[in-house]
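Peer 1: sequence plus predicted model, see below.
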Amino acid sequence: MNTIPLRPLVLAAALSALASAQESMRDVVPGRDFTQQKLLTPGLTDVWKLAVEQDEMLWCQVDSSSFDPVLDLVGHGGEVIATNDGAGTHSELWVRAPAKGDVEFRVRPFQGSGGGIYTFWLHRFCTETLGADATATHRFGPEQWWHYRVALRAGDVLVPTVQGEGRLTMVFDAERANVAEALGGYAIPHDGDYFVRVEGPRDRACRTLTQLARRRDLPLDEPRDESVGAFGLDHWRFPVRAGEAFVLDLRMPRGGLSLNQIVDTQRDDRQPPAFVQTGALDKGGQVRRYHVARRDTMLELRLRNDADAVVPYRLAIVRPERAIDVGVPANDRLPLGDGVLYRLSLAAGQLVRLDLDSEQFDPRFDLWSPDGTVLASADDRGPLDRGASHTFLVGESGIYRVLVWQESRGGCGTFALTATALDVPQLTASEPVTVHADPRGPTYLHLDLHDGDVVWLSVQSRAFDACLQVLDPAGNGDFCCEGGGIGGDVLCAYRSSHTGRHTLLVHSRSGAGDGEVRLVPQQSPAR
């Protein structure tokens, strides 16, 4: 839509001359929206009269299927305030009235020819200037709404609060584009005037407060003691790097704050989330949430105070993880209501068992992949054992994490966590390997190959229905070959696309028992 301000006096003179050829004059009644259909005689001009207030917003549209309309807004003295000849048979104006008084919308055919049925639509509302940190009271009239006009800058976050018998219904910019709301705050995309719309019943009043959210950077590992004012909003920003694990630690001794979870402010719709929440140990007035970053980004946290009093809080983003090595037990202590996070460097193809034991509380742990996916949650090993254990095959090389915690968060005390590397037999051309399989889980072997090697693999068993899967050094497990039922053999050719350890997973689709896995001798590895 093009809005054309005052144009040369030639246009004003032409419009004044056309006024003598008017077909009709109509008064526009007050209110939110006004719509009427009208017949325009070819060559004539229709005039729609109305009285406006200074700074009143006028949005007028004219549509016709019969002719190309031109829409003009003319002041009391005949001056042209704005004009528009839109595309095709549609014209519209979006104008702020420069002064109080009578104005006219004029509808005429393009170049003075044509005519027919058209629809005249007008949306209007009065506005009042309000500062970004101010308070105003309004009593609703018959239109049952009011608009405040607030001048803002890009990057501001406007926090409007409406009290009394009114409600906030919209915030939008000077081009009528809505501004999205998050926890009561409206992030401003560009400099300019913004409208705050409040609505309420006729002859009732409301009070509107505006303020800007506090936007600040939060360094990692530096706790901050802060407070947020009445109806206020705090925005915290902090950088994270890909692969980092961090914890949001928020303590609210008096409560009263609403929390908007961490937001990736640099993400677009083509990207997956930059981080994943992997655990939450919230309790009472404390929020403690674990995350893993998947890429470098700037994250944002929002805290809203919905009360009319100041609310204190303590906030920190910390990196709490501790290193643990395979085969070396970690003897540690779990604080009450908290967790202990460990990092463990593992290589693709390793078979690892994690064991967690404590005599002072009922322990459990979660296992996270390098990208923060929760791979497993381990609890009791059995009805008579409070320890937790989990065995897993490492699908991709990287940093794995283990979060030790207690289910009810009411226990604490010492514990021991151990990561043990289990033996995975090697398959060679010299002799087959006997395996035992059942539907509860796979049996593992490994095979060392070079990029481009081709091998023939065989699984034979009369006890179970076999399925063979290969996991390459890059963690790709798409290669899978199935047998033909119990007693049916698996025989397949596999081409390696990576140099290194390839892990063979022998699954039982049904049945249980022993079987034999081998490299077919006559098709030994070829380069």
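Peer 2: Happy to help now that I have it. Numbering: from 1, shown residues only.

Peer 1: and Leu457, helix, strand or coil?
Peer 2: Using DSSP: H, G, I helix; E, B strand; the rest coil, the structure places Leu457 in strand.

Peer 1: show the pLDDT at it.
Peer 2: Note for Leu457: predicted pLDDT of 93.

Peer 1: again, but for Pro273
Peer 2: Value for Pro273, per-residue pLDDT: 82.

Peer 1: same question for Ser358.
Peer 2: pLDDT, Ser358: 89.

Peer 1: show me where pLDDT drops low in the stretch 251-400 of the chain?
Peer 2: 266, 380-385 (pLDDT under 70).

Peer 1: do a quick rundown of the strands in it.
Peer 2: 257-264, 275-280, 286-293, 297-305, 311-318, 322-323, 330-334, 340-346, 351-357, 363-368, 374-378, 380-382, 385-393, 398-406 (DSSP state E, counting those that start in this stretch).

Peer 1: which one of these lies closest to Ala429?
Peer 2: strand 351-357 (22.5 Å; C-beta to C-beta). (Glycine included, C-beta is placed from N, CA and C.)

Peer 1: list the buried ones in the helix or strand encompassing Ala421?
Peer 2: Assessed by DSSP states H and E, Ala421 sits inside strand 413-422. Neighbour-count burial for strand 413-422, with 16 or more other C-beta atoms under 10 Å as criterion, is recorded at 415, 417-419.

Peer 1: take those residues and write them to a markdown table, including distance to Pro425 and pLDDT.
Peer 2: A markdown table is the format used below for the buried residues of strand 413-422 (distance: C-beta to C-beta, whole Å; pLDDT from 0 to 100):
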| residue | distance to Pro425 | pLDDT |
| --- | --- | --- |
| Phe415 | 32 | 93 |
| Leu417 | 27 | 95 |
| Thr418 | 23 | 95 |
| Ala419 | 20 | 95 |
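
Peer 1: which pair in those residues spans the largest distance?
Peer 2: Phe415 and Ala419 (13.9 Å).

Peer 1: before we move on, the earlier item: and the next helix or strand past the strand holding Ala421?
Peer 2: That would be, after strand 413-422 and using DSSP H and E, strand 433-437.

Peer 1: angle of the next helix or strand after that next one against strand 413-422?
Peer 2: As assigned by DSSP H and E, the chain's next helix or strand after strand 433-437 is strand 443-449. Orientation check (axes from the mean of the first three to the mean of the last three C-alpha atoms, to 10 degrees): strand 443-449 against strand 413-422 gives 50 degrees.

Peer 1: could you give the mean pLDDT of strand 443-449?
Peer 2: On average, strand 443-449 scores 91.

Peer 1: output the contacting helices and strands for it.
Peer 2: strand 433-437, strand 500-511 (3 or more C-beta pairs under 8 Å, 6 or more residues apart in numbering; DSSP states H and E).

Peer 1: how close does Cys481 get to Asp366?
Peer 2: Distance of Cys481 to Asp366, given as C-beta to C-beta, to the nearest Å: 33 Å.

Peer 1: more neighbours: which of these two?
Peer 2: Neighbour totals were compared for Cys481 and Asp366, and Asp366 leads with 20 against 16 (other C-beta atoms under 10 Å).

Peer 1: per-residue pLDDT, the nearest residue to the more buried one once chain neighbours are set aside?
Peer 2: Ranked by C-beta to C-beta, 6 or more residues apart in numbering and with sequence neighbours excluded, the top spatial neighbour of Asp366 is Leu403, at 4.6 Å. At Leu403, the model reports a pLDDT of 94.

Peer 1: possible to save the strands of the stretch 251-400 of the chain as TSV with distance to Trp48?
Peer 2: Formatted as TSV, the strands of the stretch 251-400 of the chain follow (distance: least, C-beta to C-beta, whole Å):
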stretch	distance to Trp48
strand 257-264	46
strand 275-280	55
strand 286-293	57
strand 297-305	45
strand 311-318	52
strand 322-323	75
strand 330-334	75
strand 340-346	69
strand 351-357	77
strand 363-368	66
strand 374-378	64
strand 380-382	79
strand 385-393	75
strand 398-406	68
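
Peer 1: Thr210: which of those strands is closest?
Peer 2: strand 297-305 (14.9 Å).

Peer 1: give me the mean pLDDT for the helix or strand harbouring Leu158.
Peer 2: Assigned by DSSP H and E, Leu158 belongs to strand 157-164. Mean pLDDT, strand 157-164: 96.

Peer 1: check stretch 184-197 too.
Peer 2: According to the model, stretch 184-197 has a mean pLDDT of 95.

Peer 1: now do the same end-to-end measure for that stretch.
Peer 2: 14 Å (C-alpha to C-alpha, to the nearest Å).

Peer 1: gap between the two ends of stretch 250-270?
Peer 2: 31 Å.

Peer 1: what does stretch 177-192 give?
Peer 2: This stretch, stretch 177-192, spans 12 Å end to end (C-alpha to C-alpha).

Peer 1: heads up, I number from 604, so please use that
Peer 2: In the new numbering, first residue 604, that becomes stretch 780-795.

Peer 1: show me which positions of that stretch end up buried.
Peer 2: By 16+ other C-beta under 10 Å, the buried positions in stretch 780-795 come out as 782, 786-791.

Peer 1: same question for stretch 700-717.
Peer 2: Within stretch 700-717, judged by 16+ other C-beta under 10 Å, the buried ones are 700-701, 706-712, 717.

Peer 1: closest one to Gln814 among the helices and strands packed on strand 1046-1052?
Peer 2: strand 1103-1114 (58.7 Å).

Peer 1: may I see the buried residues of that closest one?
Peer 2: 1103-1111, 1114.

Peer 1: next: stretch 840-854.
Peer 2: So, applying 16+ other C-beta under 10 Å, buried residues of stretch 840-854: 841, 843, 846-854.
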